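Engineer: I would like to see how this sequence folds:
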Amino acid sequence: MTKLLYWIGERYSRNIQMRLTGYFLLILLPLVLVSLFAIEKSRDILYEQAVERTQMALSSTMDYIDLALQNVEEISAVIAADPSIIELLNKNNSNLSPESIVDYSLILKQLSNLISVNRFVSEISIYHQASHMLISTNFGGRRILSEPQQDWLVNASRTNGTGLRYMLADAQVADGMTLGSLLNADSLFLVRSMDLYNTDRKSNLLVVTFNKNKLLNAIKVLLPSKNTRISLRNEKGELVVETGSGGELAEQHIVDSEMAVTIDSEYSLWRLTLVQPKEELYEQTDQLRMFTYTIIAVSILLAVGISWVVYSGIASPVHKLSRGMKQLGNGKLDIKLENKRKDEFGFLIDSFNQMTIYQKHLIEDHYEQQLRLTTTELKFLQSQINPHFLYNTLDSIYWMAKNYEAEEISEMVMNLSKFFRLSLNKGKEVFSIEESLVHLHYYIRIQQLRFLENFTVAYQIAEESKDVLIMKLMLQPLVENAILHGMEGRTSGGLLSISSWVDDKQFLNISVQDNGTGIEGKRLCYIQNELKQMGQRSYPSLSQDQENVKDLFGLRNVYTRMQLYYGKQSVMAIRSIVGEGTTVTLSIPLDRCKETLQQQTGLYDQMKEEASL
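Structural biologist: Coordinates of the predicted model:
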C-alpha cells in the first residue's frame, strides 16, 4: 500500500495528466454529493409543495361550494317566505279546479324565473299538502296518489321544522321509491318547509335541486392526473359527488403509496378529499434521479479519459490566435490563420478568419459609402458655384422682361429665381413640408406658364404633417415626371394633386398624383422591379454613372436618397391606371425624419468643410 501511494504521489507531482485526472475527480466529488442530496431533498420539497398547493386549491373550491350552498339556501328562503306563492298555495284546497291550475301555473312561472337567474339550481319543486300536488319546474305538476309517499312528504316538512336539510337522490321515500326517482333527478336536494312564519301551516314542502354538473365541474378542475380521485361528502359522511378513476373513494382505503389531502368546511361541515398516487408526484424526480446516477457514472469515466487528452493541443492554437490578433491590431486586414483542427479551437480560428473578412468588408463598404456621399455632395456643391452671379443675372432678365411688358417671361424668371434661391438656401439641407411646398410651387408655376395653364394644382396637407422636416428637392423630380409625362398631350383639364399626412403607424406619407395618360402595364412592372432591386442592395448607389443606367433618373435619385437617409423602412409605391393617371406615394418613418436627417445634416456640414479645405 505504501509503494502504491508513493507511486501515485510521484505520478501526480511529475505528470500533468495525472493532476488533471485528480482535479476532475475532485471537482466531481462534491457535485456528486450535492446532486444526491438535492434529489432526495427535492422529493420532500415536491411533496410538501404538492400538499400545500392541493390544500389551497381544495380550500378555494370548498369556499366556492359553500358559496353555492349559501346562494341556494338564500333562494330557498326567498321562495319559502314569498307571500304571493304562499297565498296561491293557501287559497287552494283538495279540489283541482281550473282556477287551481292557473294558480299552479303562476307558481311555476315564478319558480322558473328564479332558476334562470341562479346557475346552481336545476329544479325547484313544491309539494302542496291540501291537493297532494307536486309542482316542479322539471315536469310541471302531478298528484301524489300514494298515501305512504304523501305521509313521507308531510313528515319531511314537519320534522324539518323551520330549518333546512340536504338529502341525496337515494334517500328512501316509500313504496321502494327514492327521492331522486320521485323528482326525476339524480342530484343533491335542499328540503325545507314553506311559509316559515305561519305557526298553523299546512306542511307544504319546498325541494330545491342542485345542479350536479356545477358541483362536478368545480372539483374536476382540481384533477392533476388521470389516477387522481376527488370526493365531496356531507356532514354525515355520505358521498355527494365524486370524480376521477379508481372507484368509490373511501378514507380507509388510502394507503401509504398515496397522497391524501382533506379540507373540512366550517360552514357546511362538508369534507372535500383528494387522493393522488405518490408515484405520479415523484415521476419526474425519479427520472431525474436516474439521469443523475447515469451522469455520475459517465462523468467519472469521462474524467479519467478526457484528462489524458485535454491538455494537448491547447498552447499551439492559443499562440496562433494571439499572433493573429496582434497583426490585426497593427492594421493587417488580410491576415488569415491556417486551420486544420475540428475542435473548439478550430472553431475559434475559423471565427477569427471570418471576423477579419467581415471587418475588412465593413470598413471598405463604409469608406466606399462615404466616398459616394462625398462625390454626390461635391456634384451638388458644383451647382451652387457663384450663386450671387446667378441671382443678379436672373434679376436683370426679370427687369428687362418687365420693361418690354413680357409678363409671362418676367413671372417665369421671378419664380425661377425664387426656386434657385430656396434650393441653395445657404446650404440648408432640410425643409418642412410647408416650406417644401412653397419652394415646389415656384417650379410648378414655371411649368404652368410653359404649358399655357393646361393643368391646375391642388394641395391637401394634413395639419400634423406641415412641420415635419424632409430633404430638400425630394418632391421636385416626382412633380416633374407628373407634369412632363402625365400632362403630355393635354391642352386643358389637367390636375396635379399633392398630399401629405401621418398615419397611425407613425409614417409620413407624401403623395403626388396626376390625371394624365397613366403608365402601361409592362412599363409599370419594369419600374417597380427596378426599385425593388435597388431596395435589396446592402447599400444604395448614389452615382448614376456607376450604375450605368439609362432611364428613371428622377425616381432613382429620390429612392436612393430615401434609402440612404431614412433607412430600409422607407417605401416608394407607384400605382397607375392607363387613361386615369398615376400616383407616387412616399412613406417615411416619422422618427427618422426627426433624428436621421439631423445627423445627415451634420455629416454634410462636415463634408463641406473637408471639401473646402
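Engineer: Run through the strands of the stretch 51-200 of the chain in chain order.
Structural biologist: 121-128, 133-136, 140-143, 164-168, 172-174, 177-178, 188-193 (DSSP state E, counting those that start in this stretch).
Engineer: Domain ranges for the chain, per the record?
Structural biologist: Taking automatic domain parsing as the criterion, the chain consists of the domains 81-209, 215-281, 315-379, 454-596.
Engineer: For Phe24, which of those domains is the nearest?
Structural biologist: domain 315-379 (17.6 Å; C-beta to C-beta). Placement of C-beta: from N, CA and C, glycine included.
Engineer: Now for the closest residue to Leu145 other than its chain neighbours: which residues touch it?
Structural biologist: Excluding the flanking residues, the one nearest Leu145 by C-beta to C-beta, 6 or more residues apart in numbering is His132, at 7.3 Å. His132 makes contact with 94, 143-145, 150, according to C-beta atoms under 8 Å, 6 or more residues apart in numbering.
Engineer: Would you list the phi and psi of His132?
Structural biologist: Taking degrees, to the nearest 10, you get phi 60, psi 30 for the backbone angles of His132.
Engineer: can you put the contacts of His132 in JSON lines and add neighbour count and pLDDT?
Structural biologist: Listed next are those as JSON lines, based on neighbours: other C-beta atoms under 10 Å; pLDDT from 0 to 100:
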{"residue": "Ser94", "neighbour count": "11", "pLDDT": "80"}
{"residue": "Arg143", "neighbour count": "11", "pLDDT": "88"}
{"residue": "Ile144", "neighbour count": "21", "pLDDT": "86"}
{"residue": "Leu145", "neighbour count": "8", "pLDDT": "86"}
{"residue": "Gln150", "neighbour count": "17", "pLDDT": "85"}
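Engineer: Now go through those and say which are in helices.
Structural biologist: Among the contacts of His132, DSSP state H puts Gln150 in helices.
Engineer: now the contacts of His132 as TSV including distance to Tyr166?
Structural biologist: Shown next, in TSV, are these (distance: C-beta to C-beta, whole Å):
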residue	distance to Tyr166
Ser94	31
Arg143	26
Ile144	22
Leu145	27
Gln150	22
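Engineer: Where does pLDDT dip in the stretch 101-250 of the chain?
Structural biologist: Counting by pLDDT under 70, the stretch 101-250 of the chain has low-confidence residues at 159-163, 196-202, 245-250.
Engineer: again, only this time at 90
Structural biologist: 101-104, 107-122, 127-134, 137-177, 179-188, 192-206, 210-229, 231, 234-238, 240-250 (pLDDT under 90).
Engineer: next one: the stretch 251-400 of the chain
Structural biologist: Checking the stretch 251-400 of the chain against pLDDT under 90 turns up 251-260, 266-269, 276-400.
Engineer: just so I have it, where are all the strands in it?
Structural biologist: Going by DSSP E, counting those that start in this stretch, the stretch 251-400 of the chain shows strands at 258-264, 271-277.
Engineer: list the helices and strands the last one packs on?
Structural biologist: Spelled out, it's strand 271-277. helix 16-80, strand 229-233, strand 258-264 (3 or more C-beta pairs under 8 Å, 6 or more residues apart in numbering; DSSP states H and E).
Engineer: what do you get for the first one?
Structural biologist: Helices and strands in packing contact with strand 258-264 are listed as helix 16-80, strand 271-277, helix 278-281; criterion 3+ C-beta pairs under 8 Å, 6+ apart.
Engineer: And for the shortest one, what's in contact with it?
Structural biologist: Yep, that's helix 278-281 we're talking about. 46-47, 50, 224-225, 227-228, 257-259, 286.
Engineer: Report the distance from that helix to the chain centre.
Structural biologist: Distance of helix 278-281 from the chain centroid (C-alpha atoms, centre = their mean, to the nearest Å) equals 35 Å.
Engineer: what's the pLDDT at the residue nearest in space to the middle of the chain?
Structural biologist: Centroid-nearest residue in the chain, with C-alpha atoms, centre = their mean: Lys505, separated by 17.6 Å. pLDDT for Lys505: 76.
Engineer: mind listing what's buried in stretch 343-362?
Structural biologist: Across stretch 343-362, burial judged by 16 or more other C-beta atoms under 10 Å covers 345, 348-349, 352-353, 356.
Engineer: Can you tell me which of these end up in helices?
Structural biologist: The members of the buried residues of stretch 343-362 that map onto helices under DSSP H are 345, 348-349, 352-353, 356.
Engineer: Show me which pair in those is furthest apart.
Structural biologist: Across those, no pair lies farther apart than Phe345 and Thr356, at 16.7 Å, counting by C-beta to C-beta.
Engineer: Looking at the buried residues of stretch 343-362, which one is closest to Arg165?
Structural biologist: Closest to Arg165, out of all of those and judged by C-beta to C-beta, is Leu348, at 80.7 Å.
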